[in-house]
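Visitor: A predicted structure for the sequence below; I have some questions about it.
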Amino acid sequence: MLLAALAALALSACATTPGGDDKRVVDRAQARWDAITGNKLEAAYEYYSPGYRSATSLIDFGTAIRLRKVNYTNAEYLDHQCEQNRCTVRFMVGYRVFAPVPGMTRYDGKQVVEDTWVKTSGEWWYLPDK
C-alpha cells in the first residue's frame, strides 16, 4: 500500500515537473510571457512561429499589442500537455484593464490562458490563435 502511494506520488511529480524537450517548451513559453509582461515586444516576437512572423511584421505585431485595451501584468506556469510536436502550455495570467466601465478607473483580474506551441526544425514556436 505504501509502495503504491509512493509510486503515485512519483508519477504525479513527473507530470508537473517538465524535463528534456518538455522543459524547453515550458521555458520558452514562460520567456515569451515574461517578455510580454515586461513590455519587451521585440523579444516576445522572436518566440512566434516562423509562419506568423512571415505574415506579420514586428511593427504590426507591436502596434497590435500596444492597441489592446488589456495590459498583461504577470504569467504563472500551471501545467502543460504535449503530443509529439505540439504542446499546450497553461498559465494563470494577470491582467489590468483601465476604465472598463464608467466610474471605475481600472480592473485587475486573472485568467487561465492556454498557449499552443509547435516544434518545427528542432525548435519550439508559439502558434497564436487565428
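Guide: Okay, I see it.
Visitor: all strands for this structure, in order.
Guide: Using DSSP state E, the strands of the chain run over residues 70-83, 86-98, 106-120, 123-126.
Visitor: Dump these into TSV; add mean pLDDT as well.
Guide: TSV is the format used below for the strands of the chain (pLDDT from 0 to 100):
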stretch	mean pLDDT
strand 70-83	97
strand 86-98	97
strand 106-120	96
strand 123-126	97
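Visitor: nearest to T56, of those strands?
Guide: Nearest to T56 among the strands of the chain is strand 123-126 (12.3 Å), distances taken as Cβ to Cβ. Where C-beta positions appear, they are placed from N, C-alpha and C, glycine not excepted.
Visitor: ok so, going back, would you mind finding the most buried of the strands of the chain?
Guide: Most buried of the strands of the chain by mean neighbour count (mean count of other Cβ atoms under 10 Å) is strand 123-126; its value is a mean of 20.
Visitor: How far off centre is that strand?
Guide: Computed by Cα atoms, centre = their mean, to the nearest Å, the chain-centroid distance of strand 123-126 equals 11 Å.
Visitor: same deal with stretch 43-51?
Guide: 12 Å.
Visitor: Please name whichever of the strands of the chain is nearest to G20.
Guide: Ranking the strands of the chain by proximity to G20 (Cβ to Cβ) places strand 70-83 first, at 10.4 Å.
Visitor: Return that closest one as PDB; C-alpha atoms alone will do.
Guide: What follows is strand 70-83, C-alpha atoms only, in PDB (Å, rounded to 0.1, in the frame of the first residue of the first chain):
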ATOM      1  CA  VAL A  70      -5.800  44.800 -21.800                       C
ATOM      2  CA  ASN A  71      -2.300  45.000 -20.200                       C
ATOM      3  CA  TYR A  72      -0.800  41.700 -19.100                       C
ATOM      4  CA  THR A  73       0.900  42.000 -15.700                       C
ATOM      5  CA  ASN A  74       2.200  38.600 -15.000                       C
ATOM      6  CA  ALA A  75       2.000  34.900 -16.000                       C
ATOM      7  CA  GLU A  76       2.500  31.900 -13.800                       C
ATOM      8  CA  TYR A  77       3.100  28.500 -15.300                       C
ATOM      9  CA  LEU A  78       0.400  25.900 -14.400                       C
ATOM     10  CA  ASP A  79       0.900  22.800 -16.500                       C
ATOM     11  CA  HIS A  80       1.400  21.500 -20.000                       C
ATOM     12  CA  GLN A  81       0.500  18.600 -22.200                       C
ATOM     13  CA  CYS A  82       2.500  17.500 -25.200                       C
ATOM     14  CA  GLU A  83       1.800  15.200 -28.100                       C
END
